[in-house]
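>>> A predicted structure for the sequence below; I have some questions about it.
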Amino acid sequence: MNELLFQINSSILEACVLSILNREETYGYKLTQEIMKVINISESTLYPVLRRLQQNGMLSVRDEPYMGRNRRYYSLKEEGKRQFQLYKEEWGNYKKTIDSMLEGVEMK
């Protein structure tokens, strides 16, 4: 993994979480491992994001026994799918704007 020079804010983390959950239901540790492939974060950073998304009605949560413990699985609700699409569109606009600026293209 390359170390990113740019600061990662909570919206980008939310977008990454929603992106993974848009593909599949998964549990917290695996989610952290997936995100850590591209962004250097800790589990302690991710769990508040998951709680906030759950409180905002974007995630469903279920517990399942696993090796004598409960494993918490997360999946997207409709609101989470809508938010993911919004983040995806907004990221495209943001990227296009920054790319134009970095390439020296005059903004209209």
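That came in fine, so what should we check first?
>>> pLDDT weak spots in this structure?
Where the chain drops to pLDDT under 70, the residues are 1-5, 107-108.
>>> And the strands in it, which stretches?
For the chain, the strands defined by DSSP state E cover 26-27, 59-66, 69-76.
>>> Could you export those strands as TSV, including mean neighbour count?
(Each C-beta comes from the backbone N, C-alpha and C, glycine too.) What follows is the strands of the chain, written out as TSV (neighbours: other Cβ atoms under 10 Å):
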stretch	mean neighbour count
strand 26-27	17
strand 59-66	13
strand 69-76	16
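>>> so what's Y73 bridging to?
Each beta-bridge partner of Y73 is listed here, defined by DSSP bridges: Y27, R62.
>>> list the contacts for it?
25-27, 61-64 (Cβ atoms under 8 Å, 6 or more residues apart in numbering).
>>> any idea how far E106 is from it?
Remark: distance between Y73 and E106 (Cβ to Cβ, to the nearest Å) = 48 Å.
>>> hang on, the earlier thing: would you turn the strands of the chain into a markdown table with distance to Y94?
Formatted as a markdown table, these follow (distance: least, Cβ to Cβ, whole Å):
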| stretch | distance to Y94 |
| --- | --- |
| strand 26-27 | 26 |
| strand 59-66 | 24 |
| strand 69-76 | 22 |
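>>> residues of the longest helix along the chain that come out buried?
Across the chain, the longest stretch assigned as helix under DSSP state H is helix 78-103. Residues of helix 78-103 classed as buried: 80, 83-84, 87 (neighbour count, 16 or more other Cβ atoms under 10 Å).
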